[in-house]
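Peer 1: from the sequence below, what's the structure:
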Amino acid sequence: MISIGALGVLIMLALNRHDIVASTTVPQGSNPGSNPAETPLHAPLPSSIQNRDDEMTVRFEPAVDLKALGIDATPFRGMTSDPALIRILASFRPIQIGVVKQVSTNRVEIEFDGGRRFTAAQIGEGRSKANDGAIALDAITTPDGTPIKSIDANDRGVTAPGNPGEIWVIDASGKTERISPLSVHASRPVISPDGRHVAFTAQFLIGGSLHSKVLMIKDRSTGELSSYAEPKHRADYEIAPVDWVEGGKVLRVIEDWGETGGHMKLKQVRVP
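Peer 2: Numbering: from 1, shown residues only. Predicted structure coming up:
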C-alpha cells in the first residue's frame, strides 16, 4: 500500500514536478487490532519520537518574477498566491534513481550504481540521494496485504488491502537501515545532502487506521526521530518535505489543508 497522497499527486503528476546489497532480511510489522476512533485525532507520540510542532515555521523567500521566469501562475490559482511556492511547484521534476525490475510474483528489485540492490514486495517512486551516495527510498517489505483503513475528512474512511510503507536508507557500501518506525505508514523520503537527516511524511497507525499526516525527520547520527505538524491539523491535512536548502540545514516543507483558496503554504524546519 504505497501512496503519495493528494499533495504528492499534485506535485509529482499534475504539475510535472512524496525504493541495498542483494536480498535484505527486514523486521516484520503488525497493525493494532482495536477499533479505530470515529474522529481522526492526533496520535499520542511514542516516547522515542520527539514532538517539535512549534519548531516548524513559515518560510519567507525573496520575491520572484514568475513572468520573467516563464512560469504561468494560472494553474495555481486557489492553491497559493506565494510566488516562491509557485516556482517550487512549477519547476519540480522527479529524480530518476535506480532501475526497478520484477524478480518473482511478489518481489521486485531495484538496482543502484555500484551494483547495490534492494528487494521488497513493493518499491515506491519516492527516492532521494545524498552527496555521499546514500539513498533514501520508500518500500514495502512485507508480502501479505493487511486491511488498512484510510480516514477521509468527508466520511468514515475506506478500507483496502495493503501494508504500511517504510523508509529505508542504503549507504555507499550497500548497508541498509530502516528509518521509519513500525507505528507509521511512511512515504516521500528526502535525504539531506550530507546524508545525516532523512525527512518523510508519516501517518500513525491506530487500530488499523491511518490518521492525520505529520512530517518526521530522522537524525541518523544520533538516532533521534522528530515529528512536526500544524498543531490544529485535521484529517484533510497534507504535509510533504520538498528539499534541503541553506547547506542542508533547512528543510523546505509544503502544507496543504485541502481547502479552496490559498490552501497551500511554504514552511521550513531548521536542523542542528
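Peer 1: where are the low-confidence patches of the stretch 151-272 of the chain?
Peer 2: 151-156, 259-262 (pLDDT under 70).
Peer 1: and the strands in it?
Peer 2: 158-162, 166-170, 176-178, 184-191, 197-206, 209-219, 225-228, 238-245, 250-256, 264-270 (DSSP state E, counting those that start in this stretch).
Peer 1: now the shortest one: buried residues?
Peer 2: Read that as strand 176-178. Of the residues in strand 176-178, 176, 178 count as buried by neighbour count, 16 or more other C-beta atoms under 10 Å. All C-beta spots, glycine's among them, are computed from the backbone N, C-alpha and C.
Peer 1: tally of neighbours for the closest residue to residue 258 other than its chain neighbours?
Peer 2: Excluding its sequence neighbours, the residue lying closest to residue 258 (C-beta to C-beta, 6 or more residues apart in numbering) is residue 236, at 3.7 Å. Counted with other C-beta atoms under 10 Å, the neighbours of residue 236 add up to 18.
Peer 1: got the contact list for residue 71?
Peer 2: 86-87, 90-91 (C-beta atoms under 8 Å, 6 or more residues apart in numbering).
Peer 1: now, among these, which is nearest to residue 100?
Peer 2: residue 91 (25.6 Å; C-beta to C-beta).
Peer 1: hey, where'd the helices end up in the protein?
Peer 2: Secondary structure of the chain (DSSP state H): helices located at 5-9, 83-91.
Peer 1: which of those has the lowest average pLDDT?
Peer 2: With a mean of 48, helix 5-9 has the lowest mean pLDDT of these.
Peer 1: tell me the spacing between the residue nearest to residue 258 and residue 219.
Peer 2: Residue 236 sits 30 Å away from residue 219, going by C-beta to C-beta, to the nearest Å.
Peer 1: to residue 60, which of the strands of the stretch 151-272 of the chain lies closest?
Peer 2: Across the strands of the stretch 151-272 of the chain, closest to residue 60 is strand 264-270 (C-beta to C-beta), at 8.4 Å.
Peer 1: using PDB, list the CA coordinates for that closest one.
Peer 2: C-alpha atoms of strand 264-270 as PDB (Å, rounded to 0.1, in the frame of the first residue of the first chain):
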ATOM      1  CA  MET A 264      -1.000  25.500   0.300                       C
ATOM      2  CA  LYS A 265       1.700  27.100   2.500                       C
ATOM      3  CA  LEU A 266       5.500  27.000   2.300                       C
ATOM      4  CA  LYS A 267       7.100  26.200   5.700                       C
ATOM      5  CA  GLN A 268      10.500  25.200   7.000                       C
ATOM      6  CA  VAL A 269      12.300  23.100   9.600                       C
ATOM      7  CA  ARG A 270      15.800  24.000  10.800                       C
END
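Peer 1: pretty sure residue 111 contacts residue 119?
Peer 2: No. Counting by C-beta atoms under 8 Å, residue 111 sits too far from residue 119 to count as a contact (10.0 Å).
Peer 1: of these two, who's got more company?
Peer 2: residue 119 (18 against 14).
Peer 1: quick check: bridge partners of that one?
Peer 2: Taking DSSP bridges as the rule, residue 119 bridges to residue 109.
Peer 1: can you verify my assumption that it contacts residue 101?
Peer 2: No. Look at residue 119 against residue 101 with C-beta under 8 Å: they stay out of range, at 10.1 Å.
Peer 1: between these two, which contacts overlap?
Peer 2: 108-110.
Peer 1: closest one of these to residue 225?
Peer 2: For the shared contacts of residue 119 and residue 101, the nearest to residue 225 is residue 110 (24.5 Å; C-beta to C-beta).
Peer 1: and the closest one, what does it touch?
Peer 2: With C-beta under 8 Å, 6+ apart, residue 110 has these contacts: 19-20, 98-101, 117-119, 123, 137.
Peer 1: can I get those residues in JSON lines with distance to residue 191 and pLDDT?
Peer 2: As requested, the contacts of residue 110 are arranged in JSON lines below (distance: C-beta to C-beta, whole Å; pLDDT from 0 to 100):
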{"residue": "19", "distance to residue 191": "13", "pLDDT": "29"}
{"residue": "20", "distance to residue 191": "13", "pLDDT": "26"}
{"residue": "98", "distance to residue 191": "14", "pLDDT": "96"}
{"residue": "99", "distance to residue 191": "19", "pLDDT": "95"}
{"residue": "100", "distance to residue 191": "19", "pLDDT": "95"}
{"residue": "101", "distance to residue 191": "23", "pLDDT": "96"}
{"residue": "117", "distance to residue 191": "19", "pLDDT": "96"}
{"residue": "118", "distance to residue 191": "15", "pLDDT": "97"}
{"residue": "119", "distance to residue 191": "20", "pLDDT": "95"}
{"residue": "123", "distance to residue 191": "16", "pLDDT": "94"}
{"residue": "137", "distance to residue 191": "9", "pLDDT": "97"}
